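1. Got a sequence here, can you build the structure:
(2 chains)
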Amino acid sequence: MATDTTTDDGFGQVSRVKGVVFEYLTLAASLLGIVSLAILLSYVSYDAFGLDAAAPAWYVVFLLTLVAPSAGFLWYVRDRSTVRSSISGVLSVILGGTLVALGLVVVLSIIVGPDVWFAHSLFILGPTLALLGYARYVDDSAVWAGTAAGVWLFVGAVLTAIDDLLLVFGQQLASPFDLVTMPEELLLQAAILLGTPGVYFLTVLVPAVVLADRYVASRSNDRRGHSLAVALVLVTFAAVPLVDTVPAVSRGSWLLVVVGFLTPLGVYVALNAADSDSRLGLAFPLVVLAGLFAGRLVVDVLGVARPEPWFDWQLLTSSASATPADAGLYPAIIGSVFIIVLVAVFTVVFGVGAAVFLEEYASSSGPVGKVTRFIQVNISNLAGVPSVVYGLLGLALFLRLLGMGAGTVIVAALTLSLLILPIVIISAQEAIRSVPDDMRQAGYGMGATRWQVIKTVVLPEALPGILTGTILALGRAIGETAPLILIGIASFVTWAPDGVFSRVTAMPMQIYGWAFYPDPGFRHGVVPAGVITLLAVLLAMNSVAIFVRNRYERST
Amino acid sequence: MSKDVTQDPETDSEKLISTDVSTDDADGDVPDESQVRTVIESQDLDVFYGDTQALQSIDLEIPARQVTAMIGPSGCGKSTFLRCINRMNDLIDIARVEGELLFEGKNVYDDDVDPVALRRRIGMVFQHPNPFPKSIYDNVAYGLKIQDKTENLDQKVEQALKRAALWDEVKDRLDESALDLSGGQQQRLCIARAIAVDPEVILMDEPASALDPIATSQIEDLIEELAEEFTVVIVTHNMQQAARISDKTAVFLTGGELVEFGNTNEIFENPESERVEDYITGKFG
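-> Below is the predicted model:
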């Protein structure tokens, strides 16, 4: 110990050796993690993108056209925080929009189907929106309009509910309800007449564009919203010939991509285009895109040997196969998205509900307080239980006890929901607890009921935290394999699921299955490409979570 | 739940009212003897937090449309008393209230009293400015919205901001976040939020203790104006502040006792109890 080195002149020295050693140890620990992750990723990417086939000239070309300009751009704006936040914002919107578009395609065109969707939007969504719009914008003089929307909603909801029951329970119920299903027949004819793109245009694209227009108008005082709406519709139609040339993307899916991907992107661009620094940030994706195209052009012209990627359009759009060249992830991607959509619904409803109850309603003293604490401790313990145990639970509960079909969407979704529910509850509780008590007091002091305080003060404040925690937990669920094996998810399913009771496979499961195929093409090509797909989805989800959290931190 | 207005017939309160002289010189705003009535009255009020007794048999009458100040050292129970009036102590699990606290003649701790309805008639301003992280407009409109009083919302918001002497400073930026305001502006916004719903009483828990002297004096001016329309009960650590703005003063001392209650000028000039004199002259507390 060199702490007592007081000398005659000056104040002496205080030793900092331990502190410096500790600092470098922590630095080494962080670097170790980052470097090993980077090595793993580059190893996987090397296989997935087939980089061994590429000539050195290929690297040089893309270094010059893609990497150098992008890096130069980032270097140029390194000190301008507005530009940087705009870059991270637009990238998150691109990644998140891709996920939303994918989710929309899966939910609307594969799970629900355009005709059923048409019936629901006509009978439930339409009148609900009409009623809400009426309540908000129309004055009392047009009571009949509100009443009509209400009646329409009620009748429509009853009709569709009966119809849904028929769908679920099949024919044994069908005969007494023939009268009720007659309008459904008419509706079906209408849906066929409109065609899938027509249905989506009317029920999804138009409302989304109107919503985007209103949203932009509420955030800016010029007519940018209208230009955005017009531009979106024009792009939708103008791109149809181009879309027709792409295999595996129908016109209906294109419309959903416009809604899920282009609309949020358009809103973000419209809101940030006024400021010159933000506009510069929006240019970053263009730099990357231009670099990609330029690189490709140069490579084509020079005739340089290209990499032979396994991770390509074919992988994303074809089904499982025993030959590596034909193998694809399509059913697994759709299956994973289907499962994760259901998991998101279950965990948000039950997880956030439980967190609100435990934080806001449950008493912390007396016998009830003891029960609450007991529950609390158990939730914390459940969060640490290995996932394979949840697989066993799913097997015992959903397959054996409730007799659901092995390897089906609903079983996978319920099991994974159980797995991440404790994490969602704990993170939502943290978020709710971090709302300052001052805010609650202010709400109660204004004469708000407990429900009003939760609805108007606590939840809006806690929402970003809840969202971040939930998205991170969903990211964990999408990558889980062990519970899926136990509940009998197959690793070779050649078609995408079309309902909650149909058999399904998921991305990690598919990758796990491929890993044992004898053909080396799987181990050295398809599996890495699948890993890259899975990581891309995870990365997209996490970046959305980070974007949400950053916005939240800036606003408070 | 509104009951008949109680004109307390007891001579005690008559005496208190008749000897009432405002400490500031603006005597014009002191209501006539006949108009002054008791709005809030506590009778033998005890409050316990678990096993600790925070207030000991408090008897107190708070007159309408005047400023009543509660002073005393930390932990003397003055804030507890304030929070009893609108039943904010209900939010603390271990708090227990015995005795009666009458608001407009009705015991607020009766079983048929809805604390939420009570709080809609008794506004509250807290020690630290606590505007919601919403826009300035939404903060003021909050109470009106949760009470479904949304007709003429813009007008009511404007009026509340004007009454809180904040309108001129914020009228061009109503859509901006309330958190961008300075501390003093935030506190006046909280006052605007409280008066927007037109309560009968405004409770203030050390409303200026977190503010600088200029913001404090703005708040004090505002409180004097508010007393023309509302009954104001204010807890303060600052004895000069109590002397400047209040008509009546209640002195609480350690242990949750109400030691003295009366007209502010009498208490500050000629306190009956020696303990109060010691406290006021700064010998302790």
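2. What residues does the stretch 151-285 of chain B have near chain A?
-> Contacts of the stretch 151-285 of chain B with chain A, taken as Cβ under 8 Å from any Cβ of the partner chain, map to B:177, B:179, B:190, B:193-194, B:197. C-beta: built from backbone N, CA, C; applies to glycine.
3. Most neighbours of all those, which one?
-> Neighbour counts for these (other Cβ atoms under 10 Å in any protein chain shown) peak at residue B:193, which has 31 neighbours.
4. The stretch 1-150 of chain B against chain A: which residues are in contact?
-> Residues of the stretch 1-150 of chain B lying near chain A by Cβ under 8 Å from any Cβ: B:86, B:88, B:91, B:93-94, B:116-121, B:123-124, B:126, B:128, B:130-133, B:142-143, B:145-147.
5. Tell me which of those residues fall in helices.
-> Applying DSSP state H to the residues of the stretch 1-150 of chain B next to chain A, the entries found in helices are B:116-121, B:142-143, B:145-146.
6. so can I have CSV of those residues showing pLDDT and distance to residue A:64?
-> Below are these laid out as CSV (pLDDT from 0 to 100; distance: Cβ to Cβ, whole Å):
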residue, pLDDT, distance to residue A:64
B:116, 91, 68
B:117, 91, 73
B:118, 92, 74
B:119, 92, 69
B:120, 92, 69
B:121, 92, 74
B:142, 93, 58
B:143, 92, 63
B:145, 90, 59
B:146, 89, 61
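7. Neighbour count added to these, as TSV?
-> Below are these laid out as TSV (neighbours: other Cβ atoms under 10 Å in any protein chain shown):
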residue	neighbour count
B:116	18
B:117	13
B:118	18
B:119	26
B:120	21
B:121	17
B:142	23
B:143	26
B:145	16
B:146	21
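8. ok, so of the residues of the stretch 151-285 of chain B next to chain A, who is nearest residue A:151?
-> Among these, residue B:197 lies closest to residue A:151 (Cβ to Cβ), at 35.6 Å.
9. Could I get the pLDDT score of that closest one?
-> Looking at residue B:197, its pLDDT is 91.
10. give the contact list for it.
-> For residue B:197, the contacting residues are A:446-447, B:120, B:123, B:143-144, B:147, B:149, by Cβ atoms under 8 Å, 6 or more residues apart in numbering or on different chains.
11. Any chance of those in JSON lines with distance to residue A:289 as columns?
-> Below are those laid out as JSON lines (distance: Cβ to Cβ, whole Å):
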{"residue": "A:446", "distance to residue A:289": "51"}
{"residue": "A:447", "distance to residue A:289": "55"}
{"residue": "B:120", "distance to residue A:289": "57"}
{"residue": "B:123", "distance to residue A:289": "57"}
{"residue": "B:143", "distance to residue A:289": "51"}
{"residue": "B:144", "distance to residue A:289": "50"}
{"residue": "B:147", "distance to residue A:289": "53"}
{"residue": "B:149", "distance to residue A:289": "53"}
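12. among these, which two are most distant?
-> B:123 and B:149 (14.0 Å).
13. just to revisit the earlier point, highest neighbour count among the contacts of residue B:197?
-> residue A:446 leads the contacts of residue B:197 on contacts (other Cβ under 10 Å) with 30 neighbours.
14. Look up phi and psi at it.
-> phi -80, psi 0 (degrees, to the nearest 10).
15. show me what contacts it?
-> For residue A:446, the contacting residues are B:119-120, B:123-124, B:142-143, B:146, B:193-194, B:197, by Cβ under 8 Å, 6+ apart.
16. so which two of those are the farthest from each other?
-> Greatest spatial distance in the contacts of residue A:446: B:124 and B:146, 14.5 Å, computed using Cβ to Cβ.
17. Near chain B, which residues of chain A are found?
-> Residues of chain A lying close to chain B by Cβ under 8 Å from any Cβ are A:363-366, A:369, A:436, A:438-449, A:452, A:456-457, A:460-461, A:555-556.
18. Report the buried members of those residues.
-> Among these, the ones that count as buried by 16 or more other Cβ atoms under 10 Å in any protein chain shown are A:439-449, A:452, A:456-457, A:461.
19. Now intersect those with the helices, please.
-> A:439-445, A:452, A:461.
20. Show me which of the residues you listed is closest to residue A:290.
-> Set against residue A:290, the nearest of these by Cβ to Cβ is residue A:461 (41.5 Å).
21. Can you name the residues that contact that closest one?
-> Residue A:461 touches A:435, A:439, B:133, counting by Cβ under 8 Å, 6+ apart.
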